[in-house]
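Asks: What would the 3D arrangement of this be:
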Amino acid sequence: MTQQKYGDDFKPGEIYDAGRITVTETHVVNWAGLTGDFYPLHMDAEYAAQTQFGERLVHGPMIFALAVGRVALAGFGGDSAIAWLGVDNLRMMAPVRIGDTIRVSVEIKEMRTTSDPKKGVGMWHYSVHNQRGEPVMSFDYKMLFHMRG
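Replies: Next up, the predicted model:
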């Protein structure tokens, strides 16, 4: 297989749009079934109506997963990544409600080579906003990349 994209194709300061997705009831139900997270704020409309939010909210970890998925679907990373190394500074700034549309963008924060010049480490900053442009989540996603060497 010929490598098509490399970590050194990404420069700090570049920003990529990963598109948007509307979070539906189906997403929430499927996430709960997949993870076993049936917390009433997400699954019980009557319970949620009595909270400060007044309605059910989307699982925060699902927003993280959807953001990562949007970036994968956008394809701008191509085949450059080798492995996920972790996440730092994960923050949920505002709730996401069923029916909200989230948009994901990524800013390249850092790209550096390792002791092996054919491998590099990158830190990509993910920003997630709702349909009103309000920030709902952000995090720094660290990955190992193929480099040109």
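Asks: switch to C-alpha atoms for all contacts and neighbour counts from now on
Replies: Noted.
Asks: what is the mean pLDDT for the host helix or strand of Arg91?
Replies: Assigned by DSSP states H and E, Arg91 falls within strand 81-92. Strand 81-92 comes out with an average pLDDT of 98.
Asks: Buried ones in that strand, by neighbour count?
Replies: By 16 or more other CA atoms under 10 Å, the buried positions in strand 81-92 come out as Ala81, Met92.
Asks: same for that strand, what does it pack against?
Replies: Using 3 or more CA pairs under 8 Å, 6 or more residues apart in numbering; DSSP states H and E, the elements in contact with strand 81-92 are strand 135-146.
Asks: The strand it packs on versus strand 81-92: what angle between them?
Replies: Orientation check (axes from the mean of the first three to the mean of the last three CA atoms, to 10 degrees): strand 135-146 against strand 81-92 gives 160 degrees.
Asks: got any ranges where this protein has weak pLDDT?
Replies: Scanning the chain for pLDDT under 70 picks out the ranges 1-3.
Asks: the helices in it, which residues?
Replies: Per DSSP state H, the chain carries helices over the ranges 25-35, 40-43, 45-49, 60-74.
Asks: Restrict the shortest one to CA atoms and write it as CSV.
Replies: Looking back up the chat, that one is helix 40-43. C-alpha atoms of helix 40-43 as CSV (Å, rounded to 0.1, in the frame of the first residue of the first chain):
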residue,chain,number,x,y,z
PRO,A,40,-32.4,9.1,33.7
LEU,A,41,-31.2,12.6,32.5
HIS,A,42,-30.7,11.0,29.1
MET,A,43,-33.5,8.3,29.0
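Asks: Please indicate which of the helices of the chain has the most neighbours on average?
Replies: A comparison of the helices of the chain by mean neighbour count, using mean count of other CA atoms under 10 Å, puts helix 40-43 on top with a mean of 19.
Asks: List the contacts of Lys5.
Replies: By CA atoms under 8 Å, 6 or more residues apart in numbering, Lys5 lies in contact with Gly77, Gly78, Asp79, Ser80.
Asks: Any quick ChimeraX command for the buried ones out of those residues?
Replies: Those of the contacts of Lys5 that count as buried under 16+ other CA under 10 Å are selected in ChimeraX with:
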select :77,80
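Asks: Tell me the one of the contacts of Lys5 nearest Phe10?
Replies: Among these, Gly77 lies closest to Phe10 (CA to CA), at 8.7 Å.
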